[in-house]
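Undergrad: What shape does this take:
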Amino acid sequence: MENQKFKQMKKYLISFIFVIFTTLSFSQPLFHKAYNTSVGVRENYQSEITWKIKNESTAILVAYSQNKIEIFSNEIHTFRIIKMINSSDTETVWMSLDEDGIKCFVVAGISQNPKTLYLKIEYDDFVVIYLTKSD
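TA: Coordinates of the predicted model:
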């Protein structure tokens, strides 16, 4: 049962990545709705995260474009993709620059919930995780 669920999630992620790259090749943004947010801090990239906000209900729009990811909350946060660092069956990691030119990592992957993905923005001392759906 668990193996079948993983295969279904894997198929969903592969489909999602295919849709993203197909959409991005035509320069059309792909939109997801973030419905849950967690925010944490840490001393450095290798230290443990202390969660300041955990699983807070939210309604935020996330737009995936060819060279950037935008998060439309109270403000628009733009993350320009520099290069792909790693990609697996369950997640993809990109090195990015935010609107202030600060380096961060953007991670998109399969959540534990079916048809739900996570988008993680990681700085050395700050982490934000959004759970998203493509309604």
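Undergrad: Could you list the buried residues of the biggest strand by length in the chain?
TA: When the chain is parsed with DSSP state E, its longest strand is strand 50-64. By neighbour count with 16 or more other C-beta atoms under 10 Å, strand 50-64 contains the buried residues 60, 62, 64. Bear in mind the C-beta positions are built from the backbone N, C-alpha and C, glycine included.
Undergrad: For that strand, name the packing helices and strands.
TA: helix 2-25, strand 30-41, strand 68-72, strand 126-133 (3 or more C-beta pairs under 8 Å, 6 or more residues apart in numbering; DSSP states H and E).
Undergrad: same thing but 6 Å
TA: Where contact means 3 or more C-beta pairs under 6 Å, 6 or more residues apart in numbering; DSSP states H and E, strand 50-64 is packed against strand 30-41, strand 68-72.
Undergrad: Could you tell me the angle between that strand and strand 30-41?
TA: For strand 50-64 against strand 30-41, the angle by axes from the mean of the first three to the mean of the last three C-alpha atoms, to 10 degrees is 160 degrees.
Undergrad: Worst mean pLDDT across the helices and strands of the chain, which element?
TA: Least confident helix or strand of the chain, by mean pLDDT, DSSP states H and E, is helix 2-25 with a mean of 61.
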